[in-house]
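Colleague: How does the following fold in three dimensions:
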Amino acid sequence: MIEADRLTRRYGKFVAVSDVSFEIEPGEIVGLLGHNGAGKTTIMKMLTGFIQPSAGRVRVDGVDVEEDPLAVQARIGYLPESLPLYPELSVSGFLEYTALLRGVDARRAVTRAIAATELTEKALEPISTLSRGFKQRLGVAQAILHEPQFLILDEPTSGLDPTQTQHMRELIKRLSASATVILSTHIMQEVNAICDRALILRNGELALDERLEDLKMSNQLRVRTTPMGNLLDVLQGIAGFSNISNLENGSWNIDVDGDRERAAEQVAVRMVEAGLPVYELSATQRDLETVFKEVTEGKRNAA
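Modeller: Numbering: from 1, shown residues only. This is a model prediction of the structure:
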């Protein structure tokens, strides 16, 4: 588990991150979202021990990052936004050097990492000849050399074309089978495709922390019945419905104030009592882009 407890980071008078707390359980794929400058990279650097918080603390599997950074870094694989590479080295040469620094068996670790990131055909190529996509794969390869429990990836698809982006997403999904993954991004498609949970930052503060399946569920019910049915009459007198809209062909939207599941149950009961067929009764889906916009503009409160 990763525990961030009231993390704050100041640069002089500028507060990059303010009082951020969260926990990440083993096996999760968590997206750290926010506009550029929201504090994503600063938080990742504090999680890895690359920089120290001005206040607050980070624990990884119960180990305090500030007290024992080497023990924590042995558990974490980190892909920074701009990975320093040695262009004159080959892919395998760079990974062997990184394995040496990590103190792991270079032959076994490099072979495994190259296979996992599908870099076999580029193993002997100089890094200077690699495309952006292969350099990003190399960045992931160096992050998994020591078989970490946690992977922290800062903008892993930044600068990639659509094909390279798809390959990177597939790679991250494969790696998540054996490691907890935290990735930062401002690309909503990335989160939709990969993540189980989203943490959204706004001006250095944690504005929202929610599972994706819950985040995308709105407080609106979609009901479909016979075109002759009138839900306004059927739901008369029930509290908790702020608006009931008749669409067409028997479809209705119902805005719910409060517990969505309880409201759905009340709708179903009333419809059955009134003899109306229930062809559809479900919560409508919200797109993540809309949620992100609402949160980052302060139109939606933290969950």
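Colleague: Show me the shaky parts of the chain.
Modeller: 299-303 (pLDDT under 70).
Colleague: now the strands for it?
Modeller: 2-11, 14-24, 29-33, 55-60, 63-64, 76-79, 150-154, 180-185, 197-202, 205-211, 217-224, 241-246, 251-256, 280-285 (DSSP state E).
Colleague: so which of those strands is the most packed in?
Modeller: strand 29-33 (a mean of 26; mean count of other C-beta atoms under 10 Å). Bear in mind the C-beta positions are built from the backbone N, C-alpha and C, glycine included.
Colleague: can you give me the angle that strand makes with strand 2-11?
Modeller: With axes from the mean of the first three to the mean of the last three C-alpha atoms, to 10 degrees defining the directions, strand 29-33 sits at 20 degrees from strand 2-11.
Colleague: what about dumping the CA coordinates of strand 29-33 to PDB?
Modeller: Extracted C-alpha coordinates of strand 29-33, given in PDB (Å, rounded to 0.1, in the frame of the first residue of the first chain):
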ATOM      1  CA  ILE A  29      -4.300   1.200 -11.500                       C
ATOM      2  CA  VAL A  30      -4.700   4.800 -10.500                       C
ATOM      3  CA  GLY A  31      -4.700   7.800 -12.700                       C
ATOM      4  CA  LEU A  32      -3.400  11.100 -11.200                       C
ATOM      5  CA  LEU A  33      -5.100  13.800 -13.300                       C
END
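Colleague: Give me the contacts around that strand.
Modeller: Contact partners of strand 29-33, identified using C-beta atoms under 8 Å, 6 or more residues apart in numbering, comprise 24, 40, 43-44, 172-173, 176, 180-186, 188, 190-191, 194-201, 292.
Colleague: Over to stretch 186-197?
Modeller: Under C-beta under 8 Å, 6+ apart, the answer for stretch 186-197 is 28-31, 33-36, 40, 157, 165, 169, 172-173, 181, 183, 185, 198, 209-212, 288-289, 292.
Colleague: buried set for it?
Modeller: For stretch 186-197, the neighbour count (16 or more other C-beta atoms under 10 Å) marks 186, 188, 190-191, 194-197 as buried.
Colleague: Identify the farthest-apart pair in these.
Modeller: Greatest spatial distance among these (C-beta to C-beta): His186 and Asp196, at 18.5 Å.
Colleague: do you know which of the strands of the chain lies nearest Val140?
Modeller: strand 76-79 (5.9 Å).
Colleague: Give me the distance between that closest one and the centre of its chain.
Modeller: 16 Å (C-alpha atoms, centre = their mean, to the nearest Å).
Colleague: For Ala198, give me its contacts.
Modeller: 30-31, 33, 191, 208-212, 215, 288.
Colleague: now do 10 Å
Modeller: Each residue near Ala198 by C-beta atoms under 10 Å, 6 or more residues apart in numbering is listed here: 30-33, 185, 188, 191-192, 208-212, 214-216, 288, 291-292, 295, 303.
Colleague: Pull up the gap between it and Pro156, please.
Modeller: 16 Å (C-beta to C-beta, to the nearest Å).
Colleague: Can you show me the CA trace of stretch 221-233 as CSV?
Modeller: Only the C-alpha atoms of stretch 221-233 are listed here, as CSV (Å, rounded to 0.1, in the frame of the first residue of the first chain):
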residue,chain,number,x,y,z
LEU,A,221,-32.0,7.7,-14.2
ARG,A,222,-33.1,6.7,-17.7
VAL,A,223,-36.5,5.0,-17.8
ARG,A,224,-38.2,3.5,-20.8
THR,A,225,-41.8,2.3,-20.8
THR,A,226,-44.8,2.3,-23.1
PRO,A,227,-45.2,5.6,-24.9
MET,A,228,-48.7,5.8,-23.3
GLY,A,229,-47.3,5.8,-19.8
ASN,A,230,-47.1,9.1,-17.8
LEU,A,231,-44.3,9.0,-15.2
LEU,A,232,-45.3,12.4,-13.9
ASP,A,233,-48.5,10.9,-12.6
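Colleague: Centre of the chain to it, how far?
Modeller: 37 Å.
Colleague: do the same with stretch 60-74
Modeller: On the basis of C-alpha atoms, centre = their mean, stretch 60-74 sits 23 Å off its chain's mean C-alpha point.
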